[in-house]
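# test case, fold it:
(one chain, ligands or ions: 1)
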Amino acid sequence: MKDGRDSGYKKGLWFLGAWCLVLGAWQWALPISLELGNPDFELPPSNLPGNSTAPIELLNGNNTIPGWTYEGTVQYVPLAAGGGHAIRLGQDGKINQTFIANGDSMSYLLTFALSLGGQNCSVNASLVVSAPDSSSVFSWKQRYEKGTWESYGLYLGSWGDGESINLVFQSQATETDSNSICWPLVDSLLLKTIGPLTQTRGNLLLNGGFESGPDFLDDSKGTLLDPEPSVARSALQLWSVMGTVKYIDSKNYFVPQGNAAIEIVSGVSAGIQTAKTLTEGSEYSLKFMLGDANDSCMSNFVVGVQAGSVAQNFSLQSNGTGSSRGFSMVFKAESAPTLISFQSYIPSQSKDELKLRLQLNAKLSARNCSVLHAAE
Ligand SMILES: [Ca+2]
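Next up is the predicted model:
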């Protein structure tokens with residue numbers, strides 16, 4: 001009974017905490033979705049009826065596709081029944097679209113669906129997504145199934161109001177024999193802007209609830225975030241990314257608190273890190289929540305947490321039913337900005353742990369300060 005009451009009490013606090021964080025995010029960093037032209041490629045090329053079931057139509061220079069211009073080998077690809085259409089970027093394939101930046105000091109975050117690799121090819125071409133001052137390469141990774149769709153999030157840049165921004169997708173292959181290459185498929189673009197983040201009440205960490213990040217596609221399997229060493233250029237605002245982590249939403253996943261969380265797969269080297277200037281010699285407490293992914297995996301999972309010079313492993317006994325638990329760690333600030341990181345723990349023997357997932361929400365406060373501890 002006591003556990004039940006405690007659990008209800010905790011849920012109430014989590015809810016209140018989440019409400020404060022979300023309110024803070026809305027107040028200071030209004031996210032805006034921007035409309036790109038034909039972002040899902042469902043408006044067909046000019047010489048192709050929309051209901052075409054032809055396997056592949058080559059965009060050959062005699063037609064146009066609404067919203068986009070293209071060069072090289074670009075194919076308009078019908079997907080499985082009811083799955084709509086996508087673009088395949090073949091040899092030297094490139095599509096681009098120009099949009100006008102709206103508002104100063106906004107971060108532009110892009111989410112898109114990408115399918116890399118195929119069953120019958122020895123070489124997988126990569127995809128390069130670029131905008132003024134930014135260029136990101138997406139390559140097939142061994143741990144993902146070839147030819148399946150994944151959604152990726154990335155930081156495109158930050159520009160002045162009214163600037164003309166050229167968004168470019170192009171294929172990149174190191175091999176010259178194009179017959180042995182599988183080319184990338186692209187679909188479902190979502191563009192979003194976020195203003196500068198401001199500290200929310202009771203939490204010294206900016207974006208500690210991971211509410212500010214790229215958008216999620218409908219029925220999202222989570223948005224993958226590739227390694228990004230710079231907090232200023234990270235799609236997960238103000239957190240650098242080590243390895244590849246997954247950004248998940250509460251609509252499609254169990255999330256310990258708020259609308260979004262970071263999922264770290266156990267056994268794969270990955271994590272996130274931020275930095276905060278604190279008062280030297282003062283004690284701080286870092287509170288965070290860990291939750292399992294509600295995927296029926298029963299095991300003990302471990303995350304390595306570091307705040308300044310204090311490093312500690314925390315473990316959560318998961319019953320695979322979407323449970324979560326709050327943890328905290330006390331540390332003393334030093335003169336340099338304090339680095340705070342959460343990293344997957346690599347088990348040396350147990351293979352069972354490879355499948356486990358971990359979700360995080362983090363909060364930092366000065367000790368003995370009267371604040372709402374959502375994770376307490
Ligand atoms: Ca589509």
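
# where does this structure dip in pLDDT?
Within the chain, the stretches with pLDDT under 70 are 1-33, 49-55, 178, 296-297, 346-358, 367-376.

# would you mind naming what in it lies close to the ion?
Contact residues (C-beta under 5 Å from the ion) of the chain with the ion: D40, F41, G84, H85, D187. Bear in mind the C-beta positions are built from the backbone N, C-alpha and C, glycine included.

# just the buried ones among those residues, please.
Those of the residues of the chain next to the ion that meet the buried threshold are D40, F41, H85, D187, by 16 or more other C-beta atoms under 10 Å.

# what about the residue in the stretch 201-350 of the chain that the ion sits nearest to, how many residues nearby?
Per C-beta to the ion, the residue of the stretch 201-350 of the chain with the smallest distance to the ion is L217, at 10.7 Å. Applying other C-beta atoms under 10 Å, we find 22 residues neighbouring L217.

# show me what contacts it?
By C-beta atoms under 8 Å, 6 or more residues apart in numbering, the residues touching L217 are T111, A113, S151, S188, L190, T223.

# the residues you listed into a markdown table, with extra columns for neighbour count and secondary structure?
Formatted as a markdown table, those follow (neighbours: other C-beta atoms under 10 Å; DSSP: H, G, I helix; E, B strand; the rest coil):
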| residue | neighbour count | secondary structure |
| --- | --- | --- |
| T111 | 23 | strand |
| A113 | 20 | strand |
| S151 | 22 | strand |
| S188 | 18 | strand |
| L190 | 23 | strand |
| T223 | 28 | strand |
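
# quick check, nearest of those residues to N124?
Distance to N124 across the contacts of L217 (C-beta to C-beta) is lowest for A113, with 16.5 Å.

# contacting residues around the closest one?
A86, W149, E150, S151, V186, D187, S188, L217.

# how deep is the third one tucked in, by neighbour count?
If I follow you right, that is E150. E150, neighbours per other C-beta under 10 Å, totals 20.

# which strand residues bridge S299?
S318 (DSSP bridges).

# these two touch, right, it and S318?
Yes. Counting by C-beta atoms under 8 Å, a contact exists between S299 and S318, whose distance comes to 6.0 Å.

# okay, the two: which has more neighbours?
Counted by other C-beta under 10 Å, S299 and S318 do not tie: S318 has more neighbours, with 26 against 20.

# tell me the domain ranges of the protein?
Following automatic domain parsing, the chain resolves into domains at 2-29+198-366, 33-193.

# winner for burial among the ones you listed?
domain 2-29+198-366 (a mean of 18; mean count of other C-beta atoms under 10 Å).

# hang on, T111 packs against P214?
Yes. Between T111 and P214 there is a contact under C-beta under 8 Å: 4.6 Å.

# give me the common contacts of these two.
The contact sets of T111 and P214 overlap at G153, L190, K192, T223 (C-beta under 8 Å, 6+ apart).

# which two of those have the greatest separation?
Most distant of the shared contacts of T111 and P214, by C-beta to C-beta, are K192 and T223, 11.1 Å apart.

# which residues do these two both contact?
Common neighbours of K192 and T223 (C-beta under 8 Å, 6+ apart) are T111, P214, D215.

# does the second one touch Y247 like I think?
Put plainly, it is P214. Yes. The criterion here is C-beta under 8 Å, and P214 meets it with Y247 at 6.6 Å.

# which neighbours do these two share?
Both P214 and Y247 are contacted by G153, T223, L225, A235, L236, under the criterion C-beta under 8 Å, 6+ apart.
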